[in-house]
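Visitor: Provided below for reference: sequence and predicted model.
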Amino acid sequence: MKRKALKGHLLMLWIAGKVIALSKSCSLNLAAIVGDSNTKDDGAWDGGEVVGFNWSATNQSVDSADEEVSNDHVFDELFDLMIAGEPVNITFGRPTNATDGGVPEAGWTEPTTSGYQGQALITALDRTGDKGSNASISINLQGVGELKKLKVTE
């Protein structure tokens, strides 16, 4: 069976239940923490074992000037979430109402059967405006605790 490619525009990041307005790209990064378990028996090769995991997420978007839309985040909302200094719930995956036809009227719906969920701290929030370009927003999140895989229910 031939594998079907996942289109990048269908992969999104939700923060506290809403996507970021006008998102251009997002990423989820999972890393293993390797402990030193080298012994003389390993010879010239490194030994090691996984002793833990950490994860992070990022999102880049065009800055939204529309303050009337309430189904996605704009900079001021992200600012408030960051300054609160508390972990936020994140979900990463395909929206349940995924479409190639643009944003549905009610906004993108958070995945419930496939994707990943966890809590994260907002560690960086950048707002940039260059002459001749749209303003942009970048956000970095550091996972706090376990990143859970959503289970498919049938």
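Guide: Everything's here; your move. If you're wondering where the values come from, they're calculated on a predicted model, not measured in any experiment.

Visitor: Might you report the residue contacts of residue 144?
Guide: Taking CB atoms under 8 Å, 6 or more residues apart in numbering, we find residue 144 in contact with 87, 118, 119, 120, 121. Using the backbone N, CA and C atoms, a C-beta is placed for each residue, glycine as well.

Visitor: buried subset of these?
Guide: 87, 118, 120, 121 (16 or more other CB atoms under 10 Å).

Visitor: Dump the residues you listed to TSV, plus pLDDT and distance to residue 55.
Guide: Shown next, in TSV, are these (pLDDT from 0 to 100; distance: CB to CB, whole Å):
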residue	pLDDT	distance to residue 55
87	98	13
118	97	7
120	98	8
121	98	12
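
Visitor: so which of the residues you listed comes closest to residue 1?
Guide: residue 118 (31.4 Å; CB to CB).

Visitor: which one is the closest one nearest to, not counting chain neighbours?
Guide: Nearest in space to residue 118, with sequence neighbours left out and distances taken as CB to CB, 6 or more residues apart in numbering, is residue 147 at 4.2 Å.

Visitor: That neighbour is in what secondary structure piece?
Guide: If you go by DSSP states H and E, residue 147 is part of strand 136-149.

Visitor: and that strand, what's its mean pLDDT?
Guide: The pLDDT scores in strand 136-149 average 96.

Visitor: Hmm, residue 22 is touching residue 64, no?
Guide: Yes - the pair residue 22 / residue 64 is scored as a contact, 5.3 Å apart, by CB atoms under 8 Å.

Visitor: doesn't residue 117 make contact with the residue nearest to residue 118?
Guide: Yes - if you go by CB under 8 Å, residue 147 and residue 117 touch, sitting 7.4 Å apart.

Visitor: who touches the helix or strand of the chain with the lowest mean pLDDT?
Guide: Of all the helices and strands that make up the chain, strand 72-73 has the lowest average by mean pLDDT, DSSP states H and E, namely a mean of 82. With CB under 8 Å, 6+ apart as the test, strand 72-73 has contacts from 15, 16, 18, 19, 20, 21, 64, 107, 108.

Visitor: Select from the buried ones among the contacts of residue 144 every entry located in strands.
Guide: 118, 120, 121 (DSSP state E).

Visitor: and of those residues, the nearest to residue 134?
Guide: Nearest member of these to residue 134, counting by CB to CB, is residue 120, at 26.1 Å.
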